[in-house]
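1. what's the 3D shape of this:
(chains A, B and C)
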Amino acid sequence: MAGVYVAGVGFTKIAEHWDKDLEQLMAEAAVKALEDAGVSTVNAIYVGCALGEHLQCQANLGALMAECAGLTGVPAFRAEAADASGAAALYSGFCDIASGRSEAVLVVGGEKLSDGLSEEVSSGTLMMSGRSWYEGFMGIDFYAMSALLYRLYSKRYGDEGIPFFPVISHEHAEGVAHAQYPFKIALDRVLESPFIAEPLRMLEVSGIGDGAAAAVLVSEELARRLKSPKIRMFISSATDYVNPFDREDPLRLQSVMLSVSRVLEHAGISRSELNMVELHDSASILGALCLESGGFSPPGAAGKLAMKGEFGLNGRLPCNTFGGLKARGHPFGATAIYQVAEIYLQLAGRAGKNQLDKARTGLAISLSGVGAAAFTSLLKMEEV
Amino acid sequence: MGMRVPGYWRNMPFLYRLAGWKCVHCGAFHHYKPVVCRRCRSKEFAQVELPGSGRLIAYTVVRSPPKEFERCAPYAIGLIELEDGTKILSQLTDFKENELRDDIRVEAVFRRVRINGEQGIIEYGYKFRPALSRS
Amino acid sequence: MVKLGGVAIQGYGGYIPRYRIKAEEIGRMWGQDKSGFPVAEKTVAGIDEDVATMAVEAARMALRRAGIDPRRIGAVYVGSESKPYAVKPTGTIVAEAIGASPTKLAADLEFACKAGSEAMAIIIGLIRSGQVEYGLAIGADTAQGRPGDALEYTAASGAAAFILGKTDHRAVAEIEAWSGYATDTPDFWRRPGDKYPMHTARFTGEPAYFKHIIGAVQSLLENDGYTLNEIDYVVFHQPNVKFPLAVAKYLKVGQEKVSPGLIANSVGNTYSACSLLGLVNVLDQAQPGQRILVASYGSGAGSDAFVLRVLDGILEKRDLAPKLAEFIENKIYIDYSTYLKLRDEILVR
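-> Model (predicted):
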């Protein structure tokens, strides 16, 4: 496969954008990314969006995005993988460049969760976490599934440190312009927040917000012509059974294990060479399981390592450098692209006050629901 | 959301009676007849009705439910290991506060699960409650 | 009165919901005295229960006791005045849930509180004519009482199910004789769209309940030579505790024969399930050879009275499912506000 490079990124702040339709928000991010990359057109557009049909009653997002970006004529379609839809769009765009078919693609993800009531968003998570006539029928939404995993985890290992993950995310989001919740929160506040589904508390899950993020992926040849920093991208994916309790060990996210191993192998990088990881902390417990299943922490130890500072900006393995899903935000179809854009900014030296020193590699894990699929993206700075 | 009647009707055997299909080769349970086994890709299946009783392995209580389930809030969800080893997810019902604990014996009952407003159909299905004697 | 024989109960089951409200809690709302309530407490259907769900519970227990392949059940009749759909039979839902589908017949019946016993009468005919091999008769209700009205103290939820078939060595109790007595007596009714039924207070006594039960029972006793000495248990429709004791006294039935089948004080009036749950309670304790007389009553108005003789089969089958007493003991008390929440969910039009 040919090399795939990130040439530019763009994203909106994550907030309640009452004044914009979904496609307007996505167009904003798309145009920013095109300008950042220094390209005026692309060979294809890949859109990531999870609940467009459910919340906006809008399908056909590919053609719609082409129109909103002034690029009608260009091939475009939407990829869906629940709340890893942005990653599915990245995967599609990656394959297009790697196969040699295209030299530049626009990947744009967006979600407007505030267009629905929170109960309607929860209905959306029902669709994304189980099967319609089984888990969905029972009302076992994402929060209930995560809560059950949390219970099993507590029984096996205790739950010390798991509620600390939101504290870390919020610490990193402080002062970040595009973050939904750019302020610190103390562990006490997390532990006093009401239960969403016991034992999962409200401040342990990502909030409801709107956002759009975009990236321009290019071939090596075009990257050179554009004089972009040479930031190469790799992406792998794997699936697992939709119902976590059909899996051999519900606390071992096989989708994460496989996609992390595959992408590291493909990029020729070992775990110890990674400078940062973006976790899918849609729920605190899932963030911890991403670390453990990804091989970054021994099983049962992620929480304790978090409390020791391992995952802070100055820690052994900085995680969620701009706040992750919990504090930066989680607009489902855009999230994975935010992750990749943030790593890109780190590698390009444009991360501002959260800049990691000598950052050369970063990994982002994006989950659909409670791990039915995982997409792992890796960015690596190469010498020109 | 549409009326969902055909989908509901198709799934009645599972929802009403825990009836489904087990792979003849590896024993994996599927709640509808699969084309291939999700685990071993075999194409041979036997119809089964899962046993209606088992042990509660883990549970949670949903306090901010999705739209269709607002009337029932708060409701408990359990992961149950049935007598034949199959693991199943279910809503839990008829529990007193202090009865909801891991490892208790539970049994399947037939209840209203979802109601489609004043005019739509009533969707029935299984739930689990604390086991009575002689169950 | 029709002398029967050859048709028997092969399986039975009685179900009541777990929730209870005390009459004194209802009385507290309306400033009523702590004494003089028609029952002590009544059952309240849970938020996920209705006539179909309770009918299935009772039917599943009946099937466990009957020990037959459910596909041999040719007819399912559910009698209720609070069925979940105005149009769509409950019987087919029950049949599907117990694995009896497809059945030859399945319809819902309404005759106020005697719809369940009338279901039994119909199935007896279907079995005797050979149209079906086994039939399932159910009486089930979640009927509600108007707030502040006398019936609010008693209107309760429950279901009783009987699988009937030809008499054989496994039968629980043979139906020896049957009588019915029905006239146009509008003592209690509900117009469509109204949430609660209307009743005529004292008119529901002598010209209604008493006249029809007495009519049906006397026909059974006098015309066929049964004497009360031959009857060990008498179960009456029990809208409260007073009425069945009063009609027992009139018919010269000793209270010791009535008490085992009189559960209204702990359960309330379960309408179409009412006398049938009394019968279930008796079957849970009766011995082979004993006779049971059951007289239902449905407003509008009518009574079915029948005599059963308990057979040896009961000894094996009784313990195959929980007894009604276990359901009666297994309770969770609720307050009036919870009762309102549950009642609002369950109102049918």
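2. going forward, measure contacts between C-alpha atoms and count neighbours the same way
-> Will do.
3. what number of residues lie near the closest residue to A:Ala59 other than its chain neighbours?
-> Computed as Cα to Cα, 6 or more residues apart in numbering or on different chains, the closest residue to A:Ala59 that is not its neighbour in sequence is A:Glu53, at 5.5 Å. For A:Glu53, the neighbour count with other Cα atoms under 10 Å in any protein chain shown is 12.
4. Helix, strand, or coil at A:Glu53?
-> Here A:Glu53 is recorded as helix under DSSP: H, G, I helix; E, B strand; the rest coil.
5. near chain A, which residues of chain B?
-> Contact residues, chain B versus chain A (Cα under 8 Å from any Cα of the partner chain): B:7-8, B:11, B:15, B:31, B:58-69, B:77-79, B:87-91, B:113-114.
6. Which members of those are positioned in helices?
-> B:Gly7, B:Tyr8, B:Leu15 (DSSP state H).
7. most surrounded residue in those?
-> Ranked by neighbour count (other Cα under 10 Å), these have B:Leu15 at the top, with 26 neighbours.
8. out of everything not next to it in sequence, what's closest to B:Ser133?
-> Closest residue to B:Ser133 apart from its sequence neighbours, by Cα to Cα, 6+ apart: C:Pro322 at 6.3 Å.
9. Look at whatever residue of the stretch 1-150 of chain A ends up closest to chain C and say how many residues are nearby.
-> Here the stretch 1-150 of chain A gets closest to chain C at one residue, A:Met138, 12.4 Å apart by Cα to the nearest Cα. Counted with other Cα under 10 Å, the neighbours of A:Met138 add up to 24.
10. didn't C:Phe203 look like it was pressed against C:Phe188?
-> No - using Cα atoms under 8 Å, C:Phe203 is not in contact with C:Phe188, being 9.2 Å away.
11. hmm, back to that, look at the residue nearest to B:Ser133 and say how many residues are nearby.
-> Neighbours of C:Pro322 under the rule other Cα under 10 Å: 18.
12. Now do it, the pLDDT please.
-> What the model reports as pLDDT for C:Pro322 is 97.
13. before we move on, what about C:Leu347?
-> With respect to pLDDT, C:Leu347 scores 68.
14. Dihedrals phi and psi, the residue in the stretch 101-250 of chain C that chain A sits nearest to?
-> Closest contact between the stretch 101-250 of chain C and chain A, by Cα to the nearest Cα, is at C:Ser101 (20.9 Å). In terms of degrees, to the nearest 10, the main-chain angles of C:Ser101 are phi -70, psi 140.
15. How about the one 4 residues further on?
-> For C:Leu105, the backbone dihedrals are phi -140, psi 140 (criterion: degrees, to the nearest 10).
16. can you pull the contacts of the nearest residue to it once chain neighbours are set aside?
-> Spatial nearest neighbour of C:Leu105, excluding adjacent residues (Cα to Cα, 6+ apart): C:Ala75 at 4.5 Å. Taking Cα atoms under 8 Å, 6 or more residues apart in numbering or on different chains, we find C:Ala75 in contact with C:Thr103, C:Lys104, C:Leu105, C:Ala106, C:Ile123, C:Val132, C:Tyr134, C:Gly135, C:Leu136.
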